[in-house]
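Trainee: sequence below, structure please.
(chains A, B and C)
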Amino acid sequence: MENLDNIEVPLFPISVAARILDISVHTLRMYEREGLVVPFKKKSNHRLYSKADIERLNCIRRAINESKISINGIKTIYSLIPCWDIIKCSSKDRENCEAYKSHSNPCWTFKHSDNICATNECRDCSVYKDYGECKSLKEKLISVIK
DNA sequence: TTTCTTACA
DNA sequence: TGTAAGTA
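Mentor: Below is the predicted model of the structure:
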């Protein structure tokens, strides 16, 4: 009953997601390789995309088509999300954190071994989720400026 | 049939 | 980006 309105639940196989977004499954997998999106993975290793994932991809497509931004450009924006501030990351954690230093790759593309990121699914992290859709991303960035 | 990974004219 | 091979 609650699955119907929860945009976080993985629902669509890659073929359906591709059809919704009007892009190829190949392109969809490429976005994942680039770290733009983190779809849910079943034990069979098959991907499942949620409504939130679709919205995220829509935002990415708009950025590419309308704003003519490159995939690397999007990666750069994501890499600048203050993850260490969003989750309570100690100053000690930051010292040897690749994600903290990176200006080219989103934090969720790194494999952590020490801090909380090691035990949490990046897909379920607010750092990833709260910046996944165009509108929320704008609001988040504005709140930082204010 | 669909999806997965890897590779490539 | 598209397509192919060989699996699961």
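Trainee: stretch A:75-87 - what's its average pLDDT?
Mentor: Per-residue pLDDT values across stretch A:75-87 average out to 91.
Trainee: and it, which residues are buried?
Mentor: Of the residues in stretch A:75-87, A:75, A:76, A:78, A:79, A:81, A:83, A:84, A:86, A:87 count as buried by neighbour count, 16 or more other CB atoms under 10 Å. (Glycine included, C-beta is placed from N, CA and C.)
Trainee: wait, what's in contact with the closest residue to residue A:123 other than its chain neighbours?
Mentor: Taking CB to CB, 6 or more residues apart in numbering, and ignoring the residues beside it in sequence, residue A:123 has residue A:38 as its nearest neighbour in space, at 4.5 Å. Contacts here follow CB atoms under 8 Å, 6 or more residues apart in numbering; on that basis residue A:38 touches A:32, A:108, A:122, A:123, A:128.
Trainee: what are the phi and psi angles of the first one?
Mentor: With angles defined as degrees, to the nearest 10, residue A:32 sits at phi -70, psi -40.
Trainee: assess the claim that it and residue A:39 are in contact.
Mentor: Yes. Counting by CB atoms under 8 Å, residue A:39 is a contact partner of residue A:32 at 6.2 Å.
Trainee: mind putting the buried residues of stretch A:75-87 in CSV, secondary structure included?
Mentor: What follows is these, written out as CSV (DSSP: H, G, I helix; E, B strand; the rest coil):
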residue, secondary structure
A:75, helix
A:76, helix
A:78, helix
A:79, helix
A:81, coil
A:83, helix
A:84, helix
A:86, helix
A:87, coil
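Trainee: closest to DNA strand B out of these?
Mentor: Compare each of the buried residues of stretch A:75-87 with DNA strand B using CB to the nearest atom of the strand and the shortest gap goes to residue A:75, at 19.2 Å.
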